[in-house]
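**Student:** Kindly return the folded structure for what I paste below:
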Amino acid sequence: MSYFFPTSEYADDQPLARTILATHVLSRGFQLGSAIGLLNCGAAYLVKRRSITAPFFLRSAGTGGMIGAGIASLGLIGRMWGREEIEWKDRSWRLRYNTGQVAVDNWGEPAAALGVLVVASRGLAGPAPGSWRGVVGGAGVGSLIGIVGCMCMARLRPSQDAKKGNGEL
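**Tutor:** Numbering: from 1, shown residues only. Next comes the predicted model:
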């Protein structure tokens, strides 16, 4: 997301504020829903002793991701209903300048695209009519792997403040 949307110097001038905020909320809702879907898959294995196959794993992540994005969109509507344009601009501007959010975007979104490509090219979603959920699940699993990669790189790389001598390692 960070490469596709423009950034302004001041929050008052932030273009595409509603689009930036909606994209952020939907992608985080999708990622959270995918993680919950995978936990549901693990619970099915533990409780019902159901075997975890690739299509079941991916469909669980895809269904959870879609439900999570839907719930997040309702939350966005509920939170921002009736708000003034400057509030949208301020929130989206703060997202654009938050280095942690930008890093998660830079890792999670390409990994989601890679997950879709892997699932679609390998046919892991299964031949069943509901296989679109498997492809969406590939995006969810890919984005979660990207977030984990982002967190690991943040731990391995020294922070910018530590390089300047302004903080701890």
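**Student:** And the helices in the chain, which stretches?
**Tutor:** 17-48, 54-80, 85-96, 99-122, 132-156, 160-164 (DSSP state H).
**Student:** of those helices, which approaches T7 most closely?
**Tutor:** With C-beta to C-beta as the criterion, T7 lies closest to helix 85-96 of the helices of the chain, at 4.8 Å. In this view, the C-beta of every residue, glycine as well, is placed from N, C-alpha and C.
**Student:** Low-confidence stretches in the protein?
**Tutor:** The chain contains residues with pLDDT under 70 at 1-2, 124-130, 159-169.
**Student:** Please spell out which residues along stretch 41-59 are buried.
**Tutor:** Neighbour-count burial for stretch 41-59 flags C41, A54, P55, F56, F57, L58, R59 (criterion: 16 or more other C-beta atoms under 10 Å).
**Student:** do you know how far the third one is from R133?
**Tutor:** Distance of P55 to R133, given as C-beta to C-beta, to the nearest Å: 9 Å.
**Student:** separation between N98 and G68?
**Tutor:** Distance from N98 to G68, by C-beta to C-beta: 21 Å.
**Student:** Which one of these two is surrounded by more residues?
**Tutor:** Comparing N98 with G68 by other C-beta atoms under 10 Å, the one with more neighbours is G68, at 22 against 13.
**Student:** what residues are up against the more buried one?
**Tutor:** By C-beta atoms under 8 Å, 6 or more residues apart in numbering, the contact set of G68 is G29, F30, Q31, L32, G33, S34, I36, G37.
**Student:** list the contacts for the first one?
**Tutor:** Think G29. G29 is in contact with G68, A69, G70, I71, A72, S73, G75, counting by C-beta under 8 Å, 6+ apart.
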